[in-house]
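> got a structure for you, letters missing:
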């Protein structure tokens with residue numbers, strides 16, 4: 001059979017490609033990862049006191065992580081489509097991180113000089129990044145599965161974006177259990193935990209996302 005004939009047979013009556021396929025795969029993966037990270041955080045570390053929910057403490061973390069999840073999800077979706085430009089979502093990711101860094105810096109500068117180190121390190125700076133990474137693993141597996149079913153042309157970059165998405169989801173879950181109150185703490189240590197998950201995705205990407 002000639003190649004042209006085979007292509008014609010395969011294409012005949014195929015219909016248009018489904019719309020928003022990336023979103024259809026990524027959204028359930030993100031939802032499953034968020035549920036897993038939230039339940040794991042509460043089971044292992046407990047829920048923060050309800051009184052904290054009337055303060056900006058948990059909301060700052062969740063809004064930052066949620067905004068970053070939206071931006072990195074957009075980026076991962078674009079990287080999963082061969083012909084789509086990823087420049088705008090990549091800039092959105094940078095903008096979210098920069099905004100949180102600015103908020104964290106201003107918050108840190110507003111602290112008394114003798115309290116700045118405590119504001120930056122809190123009580124859990126050493127354990128925060130690996131905890132975010134650990135809580136992000138279910139979301140990382142789900143996000144890589146979602147991207148693998150699409151058509152990523154740059155597996156390492158797509159894996160990095162999927163990892164950042166998973167790290168953001170894990171950070172939302174951790175915010176339910178983390179009592180740290182400083183925006184500077186969030187800007188540094190939460191971001192580092194998310195970046196570690198992104199690095200894990202970048203390492204796994206070439207092997208997992210190759211097609």
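Received the coordinates, thanks. Because the structure is predicted, anything quoted here is derived from the model rather than measured.

> Give me the residue at the spatial middle of the protein.
residue 165 (2.0 Å; Cα atoms, centre = their mean).

> now that residue, nearest residue through space, not along the chain?
Leaving aside its chain neighbours, residue 165 sits nearest to residue 72 (4.2 Å; criterion: Cβ to Cβ, 6 or more residues apart in numbering). C-beta: built from backbone N, CA, C; applies to glycine.

> thought the one you found was touching residue 159?
No. When contacts are counted by Cβ atoms under 8 Å, residue 72 is not listed as touching residue 159 (11.9 Å).

> roughly how far apart are residue 127 and residue 134?
Shown here: residue 127 relative to residue 134, a distance of 10 Å by Cβ to Cβ, to the nearest Å.

> These two: who's more crowded?
residue 134 (19 against 13; other Cβ atoms under 10 Å).

> Identify the residues contacting that one.
residue 170 (Cβ atoms under 8 Å, 6 or more residues apart in numbering).

> same deal with residue 124?
When contacts are taken as Cβ under 8 Å, 6+ apart, residue 124 is in contact with 131, 178, 180, 189.

> Let's see which of those end up in helices.
Judged by DSSP state H, the contacts of residue 124 include residue 131 as members of helices.

> Identify the farthest-apart pair in the contacts of residue 124.
131 and 180 (11.4 Å; Cβ to Cβ).

> and the helix or strand where residue 92 lies, what's its mean pLDDT?
Using DSSP states H and E, residue 92 sits within helix 87-110. Averaged over helix 87-110, pLDDT sits at 97.

> contacting residues around that helix?
In contact with helix 87-110 (Cβ under 8 Å, 6+ apart) are residues 60, 64, 67-68, 71-72, 74-75, 77-78, 116, 119-120, 164, 182-188, 191.

> Give me the buried subset of those.
Among these, those buried by neighbour count (16 or more other Cβ atoms under 10 Å) are 60, 64, 67-68, 71-72, 74-75, 77-78, 119-120, 164, 182-188, 191.

> Now intersect the residues you listed with the helices, please.
60, 64, 67-68, 71-72, 74-75, 77-78, 119-120, 164, 183-185, 191.
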